[in-house]
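1. Turn this into a model:
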Amino acid sequence: MSKQKTKAPTKNELPQLIVLLACDGAARDPTTNKATLYGIFDRLLPEELPSPVHFTAYARMRGGSGRNDFTLEMVNTKGKPIGENSPTFPIECSPGRLTELVVMVSGLTIKSAGEYELRLRSGDKVLGSYGIRVTKKSEAKK
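-> Residues are numbered from 1 along each chain as shown. Down below sits the predicted model:
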């Protein structure tokens, strides 16, 4: 009687984050599928604080394998998330393939000026972050 070899389950591998940034908006060309980003920024200048924030987050990743659940969150300098629930995005990754994530972020309220980070994570692993400085408009250097 011959023994049948069983294949061990494969572990999903995380992709490499190439870029993560914040912008005012994004559009995708229906013919070429290219993403166009509008108003890339790393600084918010609200009139008053606390202030609601609305922006688009863009991430581009390479490789990985299997289904990975990605979470996008904004955190303060102590690493505490701003907002109650960070959305999770299940994405099927493939070796050698580029994957893009375009997310409209809303429903967050920034309570004070300072440094914040936009983070992309999968489970407890942070793939990368993007710094955003918040300064009240009347206090910004001209």
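
2. what separates residue 88 from residue 97, distance-wise?
-> Residue 88 sits at a distance of 21 Å from residue 97 (criterion: CB to CB, to the nearest Å). Where you see a C-beta, it was placed from the backbone N, CA and C, and this is true even at glycine.

3. What of residue 22?
-> Counting by CB to CB, the gap from residue 22 to residue 97 is 24 Å.

4. Looking at those two, which is more packed in?
-> residue 22 (22 against 13; other CB atoms under 10 Å).

5. Confirm for me that the more buried one is in contact with residue 41.
-> Yes - using CB atoms under 8 Å, residue 22 is in contact with residue 41, at 6.0 Å.

6. Next secondary structure element downstream of the helix or strand hosting residue 115?
-> Using DSSP states H and E, residue 115 falls within strand 114-122. Next helix or strand after strand 114-122 toward the C-terminus (DSSP H and E): strand 125-134.

7. what packs against that following strand?
-> strand 16-23, strand 43-44, strand 114-122 (3 or more CB pairs under 8 Å, 6 or more residues apart in numbering; DSSP states H and E).

8. Quick check: which of those strands is buried the most?
-> strand 114-122 (a mean of 19; mean count of other CB atoms under 10 Å).

9. okay, now the closest residue to residue 119 other than its chain neighbours: neighbour count?
-> For residue 119, ignoring the flanking residues on the chain, the nearest one in space by CB to CB, 6 or more residues apart in numbering is residue 129 at 4.6 Å. Around residue 129 there are 17 other residues, counting by other CB under 10 Å.

10. now the one 5 residues further on
-> The tally of other residues near residue 134 (other CB under 10 Å) stands at 19.

11. Contact partners for the nearest residue to residue 15 once chain neighbours are set aside?
-> Excluding its sequence neighbours, the residue lying closest to residue 15 (CB to CB, 6+ apart) is residue 64, at 3.2 Å. By CB atoms under 8 Å, 6 or more residues apart in numbering, the contact set of residue 64 is 12-16, 93-95, 99.

12. List only buried entries from those.
-> 14-15, 93, 99 (16 or more other CB atoms under 10 Å).

13. Out of those residues, which is nearest to residue 37?
-> Distances from residue 37 to the buried ones among the contacts of residue 64, taken as CB to CB, are shortest for residue 99 (16.2 Å).

14. This completes my enquiry, with thanks.
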